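Trainee: starting from these lines, generate the structure:
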Amino acid sequence: MATEVPFDPHDLPGYAGRLVRLHQRRPEIMRLVTWQRLERSGEEPNPLAVAAVGSQVEAIAEAQKAGELPARFPPGVFLGLVPHIAAGWTAINSEFEAAIDIPDLDERVRHVEDAVRAVLGGPPAAA
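Mentor: Numbering: from 1, shown residues only. Modelled structure (predicted):
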C-alpha cells in the first residue's frame with residue numbers, strides 16, 4: 001500500500017481517498033491484511049513496517065507541532081483512524097450491502113474524505 005499510495009500528512013483526506021481507490025483496484029491487499037491480523041502467531045513485528053509506521057507518526061507529530069494539523073488526537077491515533085476510515089467499505093457484510101444503496105466509487109471517496117476532514121475538525125468539501 002505504501003508504494004502505491006504514498007503517505008501525505010499534509011493531505012490526510014486525500015490520502016484516505018487514494019486508499020479507498022486502491023482498495024477497490026486491489027482488493028487482495030485488504031484480504032491479506034485481514035488474514036495477517038487473524039493469524040498473529042506471536043512473531044516479532046516486521047521491523048521495516050514498524051519503521052515505516054514510525055516515520056508516518058513522526059510526520060504527523062511534526063505537522064501538529066507546526067500547526068498544520070490539530071492536536072485533538074495523538075499522532076498515532078490520527079494515523080490509526082485515517083486508514084481504518086478508508087478501509088470501511090472493504091469490511092461491510094453482504095446484509096449491510098443489500099440493505100443500503102452503496103454509493104459508487106467516487107461518492108465513497110468523497111464520504112471518506114469528508115469523514116477524515118471531520119476527524120481533523122474541518123468542514124466537508126463543497127459539493
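Trainee: what mean pLDDT does stretch 85-105 have?
Mentor: Averaged over stretch 85-105, pLDDT sits at 84.
Trainee: list the buried residues of it.
Mentor: Residues of stretch 85-105 classed as buried: 85, 86, 87, 88, 89, 90 (neighbour count, 16 or more other C-beta atoms under 10 Å). The C-beta positions use only the backbone N, C-alpha and C, and glycine is treated the same way.
Trainee: what strand or helix carries the residue nearest to the first one when sequence neighbours are not counted?
Mentor: Nearest residue to residue 85, sequence neighbours excluded (C-beta to C-beta, 6 or more residues apart in numbering): residue 115, at 5.1 Å. Assigned by DSSP states H and E, residue 115 falls within helix 105-120.
Trainee: count the neighbours of residue 122 for me.
Mentor: Neighbours of residue 122 under the rule other C-beta atoms under 10 Å: 12.
Trainee: could you check how far the closest residue to residue 27 other than its chain neighbours is from residue 60?
Mentor: Of all residues not flanking residue 27 in the chain, residue 90 sits nearest, at 7.0 Å (C-beta to C-beta, 6+ apart). Using C-beta to C-beta, to the nearest Å, residue 90 is found at 23 Å from residue 60.
Trainee: what is the neighbour count of the residue nearest to residue 85?
Mentor: What residue 115 shows, counting by other C-beta under 10 Å, is a neighbour count of 18.
Trainee: with the one 4 residues further on instead?
Mentor: The number of residues packed around residue 119, counting by other C-beta under 10 Å, is 19.
Trainee: list the contacts of it.
Mentor: By C-beta atoms under 8 Å, 6 or more residues apart in numbering, the contact set of residue 119 is 73, 78, 81, 82, 85.
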